[in-house]
Each structure stands twice: as structure tokens, then as C-alpha cells.
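got a structure for you, letters missing:
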């Protein structure tokens with residue numbers, strides 16, 4: 001058989017084996033089927049453009065494509081959204097299998113061994129075959145991977161990755177507000193939107209010569225992704241718990257930890273590898289009159305807002321700690337109107353007419369010292385999150401605690417990038433210098 005045809009057929013078979021029975025949300029399910037349709041269309045075009053393909057090979061390929069489409073149609077009618085208990089049960093079962101290195105259960109749950117360090121395995125390239133183990137779909141012969149006794153790190157089923165990330169998004173104040181870019185590699189170059197208008201000209205006659213136009217090229221910025229690792233203590237006693245309890249414990253730990261780290265990188269980070277909005281390059285700064293926040297006034301907020309271009313202000317929001325918000329609830333402007341207006345019905349709370357977002361990672365009022373940035377006025381879409389979607393899990397014992405006390409951990413890893421752009425379209429409130 002033609003080698004390329006054999007590889008494509010293996011890829012299609014792998015896609016069939018990866019069809020989920022349930023999804024994280026209606027949006028995730030719709031996105032999954034859309035992606036599968038696009039892949040099938042690309043494969044179909046590739047086959048048509050191939051040379052040296054026999055009639056029998058072409059018919060075999062058509063049958064494989066039809067079989068996959070039929071399975072996707074069946075799945076589209078039967079697939080359901082997991083409820084909380086189903087999700088916790090599945091994640092708990094997966095964690096228990098990972099801890100005991102039960103490859104069959106992991107394979108049946110559509111997890112995949114990760115052999116890469118910098119370049120991770122593509123989960124779509126592997127599938128579990130009973131009696132053989134994990135098979136590379138790119139391998140025309142379908143040979144098993146080989147000795148996996150030493151492998152104990154796995155990329156989890158994408159459905160469970162979506163569930164974990166969506167749970168974290170409910171805890172985070174930033175995840176649903178920032179711009180997101182799907183990353184398939186370690187870095188991505190982007191045009192930084194400076195808000196400049198496109199040069200335009202009127203043509204009044206057919207064939208009119210177009211005069212030279214000076215292009216306004218946007219500046220280029222690089223979005224880099226790095227690996228974030230978290231360690232959750234694990235005890236042998238957990239293996240006696242029900243899968244639902246194990247899953248709920250992990251979801252609770254993951255969503256709180258990941259959400260906090262996500263918000264930190266967006267807002268307050270100032271060390272390698274990322275810089276948050278409070279410490280962004282070229283950000284506008286409005287210093288208040290006191291070193292401890294005791295003399296906050298509506299003028300401080302108004303002056304900060306005026307530092308942001310008028311076209312940008314329409315999408316801006318205030319971000320601050322709830323303890324700072326508590327201090328400004330009684331502040332009034334020169335007309336006697338309160339600076340802060342509480343949420344009403346479906347309307348959000350506003351600060352001087354702009355939505356106010358409370359974020360726990362921002363400095364508390366009692367912690368304010370001289371020359372400390374503590375609140376930011378910005379369009380959150382100016383922060384770009386680079387998302388490399390896979391989540392990896394590993395039974396981990398190579399820590400100081402493990403060596404000294406025999407304590408073991410469940411390590412999770414995810415790759416993300418953060419980039420704060422257009423600092424000059426943001427404004428930071430800062431205490432006065434001492």
C-alpha cells in the first residue's frame with residue numbers, strides 16, 4: 001500500500017478511537033466537531049492531490065473517511081455534557097490509574113504518555129489498542145511504542161483538561177477577560193495594535209495613479225510560552241477513597257492554584273519570565289498624595305483615567321483589591337456623587353462610571369507602603385494569554401521533602417505565555433514616594 005495513504009488511514013483510525021462520549025461544555029463539544037470536520041476536509045484534499053494512488057487504495061481511503069464521518073454523526077447525537085459528579089469521577093479514576101501506572105486504564109480513558117521534555121508528545125498521534133498498548137497513528141505498521149515501564153508522565157484526555165481550565169476560570173478574575181491565542185510552538189510573533197488608523201485615499205478617475213503611501217507598520221512583539229509546574233501532596237491513604245472524592249480534591253486544588261497564578265502573571269508579576277500590568281513597560285502612573293493610601297480621593301481616579309487615550313477608555317475597567325474598594329465606598333466627587341456605585345440588578349459595580357473588578361492578588365489596603373502600585377485602569381484585552389492546551393500529570397518523588405520525609409507528590413504541568421501590550425494605554429495608581 002502507498003505509504004502516505006497508510007499513514008493517513010492510521011490517522012483517521014486514531015481520530016475515531018479518540019471520539020469522546022462526553023464533553024466539558026456545549027462550546028467545547030461544538031469546537032471539537034468543527035475541528036474534526038476541518039481535519040477530514042484537509043485529508044480529503046490531500047488524497048485527491050496525491051499521485052500514484054491506485055483505485056483500490058482510493059476506495060479504501062473513501063471507506064475509512066466515510067466510517068469516521070458516520071461515527072462522528074452518531075457521537076454528535078449521543079454526546080453529553082458531564083455533570084460535576086461525572087467529571088470528578090473520571091478525573092479521580094484517571095489519577096488513581098496514574099499513581100499505580102495502570103496503562104490500560106489510562107489508555108482507555110484516552111490519556112497519552114508524554115516522552116518529550118521541551119517538545120511534548122502530540123496526544124492525537126497515539127491511541128490505545130487492547131493487547132498491544134499505545135500505538136503511534138503515524139506508524140503504518142501499528143507497532144506498539146515499546147518498553148514503558150519507566151514512563152510515568154501522561155498528557156490527560158483533552159476533555160478533562162477543558163473541565164479543569166473552566167473550573168479555574170470561575171475562580172479567576174482575569175481568565176475570561178484577557179485575549180487568548182492558541183499556541184502550537186514555544187513562541188509567537190504578534191503585531192502590537194497601537195490604535196493607529198489605516199492610510200486611505202480617494203480615487204476619482206479610472207486608472208488614476210496612486211501616490212506613494214507611507215505604511216504605518218505596527219511594532220512586533222514576541223509571546224513566549226514557558227512550563228508551569230504545581231505539586232500536590234499525595235498519600236497512600238487516598239487510594240482507598242472513592243474516585244469522586246479523589247477527583248473533587250484535585251479539582252479544588254488545581255482551580256484555586258492555577259487561577260491565582262494566572263491572575264498574578266496578568267497583574268502583579270515583575271520577575272522572570274513575565275511582567276504584569278502593574279509593572280508594564282511604558283505604563284502611565286498617577287501618584288496619590290499620601291504614602292499609605294489614607295488620602296485617596298476621586299481626583300486620583302479621575303486623573304488616572306485621563307492618562308488613557310479617550311478611544312481606549314470605553315473598554316477599560318478598574319482592577320483593585322476588595323480592601324481598597326472598601327476604603328473608597330464613601331468617597332464623593334465635587335458634585336457630591338459617590339465614586340463607587342454598587343452592582344444593581346444585572347449591572348456591575350462601577351468606579352467613576354467604569355466597571356470595577358476585585359482581584360485578591362492586588363495589594364491590600366493595609367499593605368500599602370510608599371511608592372507602591374496598587375490599582376490599574378486598563379482594557380484587559382491588552383493582556384495576551386498564549387495557551388498551549390495540554391496538561392501533563394506525573395507521580396513525582398524527586399523533591400527535598402521526598403528525600404527527607406518520604407513524602408510524594410502528584411505533579412501537574414501546563415505551558416502558558418503572558419504578554420502585556422500597549423502599556424501607554426493603561427494607567428496605574430501608586431502611593432507617593434517617601
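Looks like it arrived, so ask away. Note that this is a predicted model, so its numbers are computed, not measured.

now the helices: where do they sit in this protein?
Here the chain has its helices, by DSSP state H, at 3-17, 26-48, 55-78, 84-99, 103-108, 158-171, 243-267, 298-306, 310-313, 322-328, 400-405.

Out of those, which gets nearest to residue 191?
Nearest to residue 191 among the helices of the chain is helix 310-313; the distance by Cβ to Cβ comes to 17.0 Å. Any C-beta I mention is one placed from the backbone N, CA and C, and that applies to glycine too.

what's the closest one in contact with?
Residues outside helix 310-313 that contact it (Cβ atoms under 8 Å, 6 or more residues apart in numbering): 195, 305, 354, 379, 425.

among these, which two are most distant?
Spatial extent of the contacts of helix 310-313 (Cβ to Cβ) is set by the pair 195 and 354 at 18.5 Å.

okay, these two: which has more neighbours?
Each of residue 195 and residue 354 has its neighbours counted (other Cβ atoms under 10 Å); residue 354 has more, 17 against 11.

residue contacts, that one?
305, 313, 316-318, 377.

can the residues you listed go into CSV with extra columns for distance to residue 126?
CSV is the format used below for the contacts of residue 354 (distance: Cβ to Cβ, whole Å):
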residue, distance to residue 126
305, 52
313, 49
316, 45
317, 43
318, 47
377, 47
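
Tell me which residue lies farthest from the centre of the protein.
residue 205 (50.6 Å; Cα atoms, centre = their mean).

Dig out what the residue nearest the centre of the chain forms beta bridges with.
For the chain, residue 387 is the residue whose C-alpha lies nearest the centre (Cα atoms, centre = their mean; 4.3 Å). When bridges are called by DSSP bridges, residue 387 pairs up with residue 182, residue 416.

pretty sure it is touching residue 179, no?
No: using Cβ atoms under 8 Å, residue 387 makes no contact with residue 179, being 10.5 Å away.

In the chain, where is pLDDT below threshold?
Counting by pLDDT under 70, the chain shows low-confidence ranges at 1, 137-151, 193-197, 211-218, 236-239, 345, 398-399, 401-405.

Around residue 253, how many other residues sit close by?
Look at residue 253: counted by other Cβ under 10 Å, it has 15 neighbours.

swap in residue 344?
Applying other Cβ under 10 Å, we find 9 residues neighbouring residue 344.

For residue 18, see how far away it is.
47 Å (Cβ to Cβ, to the nearest Å).

And for residue 60?
21 Å.

Residue 320 too?
44 Å.

Same question for residue 308.
Remark: distance between residue 308 and residue 18 (Cβ to Cβ) = 46 Å.

just residue 313 next, same as before
Residue 313 is 46 Å from residue 18, where distance means Cβ to Cβ.

Same question for residue 267.
Applying Cβ to Cβ to residue 267 and residue 18 gives a distance of 37 Å.

Show me which of those two is the more surrounded one.
Looking at residue 267 and residue 18 with other Cβ under 10 Å, you find the greater number of neighbours at residue 267, namely 25 against 19.

Surely the more buried one and residue 375 touch.
No: using Cβ under 8 Å, residue 267 is not in contact with residue 375, being 10.0 Å away.

Would you mind giving the domain segments of this structure?
Per automatic domain parsing, the structural domains of the chain span 1-81, 159-192+220-434.

and the nearest residue to residue 352 once chain neighbours are set aside, how many neighbours?
Once flanking residues are discounted, residue 352 sits nearest to residue 301: 5.0 Å by Cβ to Cβ, 6 or more residues apart in numbering. Residue 301 has 27 neighbours, counted by other Cβ under 10 Å.

Wait, residue 301 touches residue 320, no?
No: applying Cβ under 8 Å as the test, residue 301 and residue 320 come out as separate, 9.9 Å apart.

and for the two, which residues touch both?
residue 429.

so what's the backbone phi/psi at residue 370?
For residue 370, the backbone dihedrals (degrees, to the nearest 10) come out as phi -60, psi 140.

sorry, back to before: just give me the closest of the contacts of helix 310-313 to residue 271.
Nearest to residue 271 out of the contacts of helix 310-313 is residue 425 (Cβ to Cβ; 23.7 Å).

who touches residue 25 in this structure?
Applying Cβ under 8 Å, 6+ apart, we find residue 25 in contact with 81, 162, 166.

If you rank the residues you listed by neighbours, which is first?
Of all the contacts of residue 25, residue 162 has the most neighbours under the rule other Cβ under 10 Å, reaching 22 neighbours.

I'd guessed that one sits against residue 28; true?
Yes: the pair residue 162 / residue 28 is scored as a contact, 4.8 Å apart, by Cβ under 8 Å.

can you pull the buried residues of stretch 337-356?
Buried residues in stretch 337-356, counted by 16 or more other Cβ atoms under 10 Å: 338-341, 349-352, 354, 356.

roughly how far is that stretch from the heart of the chain?
29 Å (Cα atoms, centre = their mean, to the nearest Å).

With stretch 171-186 instead?
Offset of stretch 171-186 from its chain centre (Cα atoms, centre = their mean): 4 Å.

contact partners of that stretch?
By Cβ under 8 Å, 6+ apart, the residues outside stretch 171-186 that reach it are 118, 168-169, 188, 190, 223-225, 255-256, 258-260, 262-263, 266-267, 317, 319, 357-360, 380-389, 415, 417.

Which parts of the stretch 101-250 of the chain are strands?
Counting by DSSP state E, counting those that start in this stretch, the stretch 101-250 of the chain has strands at residues 112-113, 126-129, 133-136, 153-155, 179-182, 187-191, 220-224, 226-234.

name the helices or strands packed onto the first one?
For strand 112-113, the contact count by 3 or more Cβ pairs under 8 Å, 6 or more residues apart in numbering; DSSP states H and E identifies strand 153-155 as packing neighbours.

quick one, what contacts residue 419?
190, 221-223, 274, 383-384, 386.

Counting neighbours, which of those residues end up buried?
Buried positions within the contacts of residue 419, assessed by neighbour count (16+ other Cβ under 10 Å), are 190, 223, 274, 383-384, 386.

Among those residues, which one lies nearest to residue 98?
Of all the buried ones among the contacts of residue 419, residue 98 sits closest to residue 386, with 26.6 Å by Cβ to Cβ.
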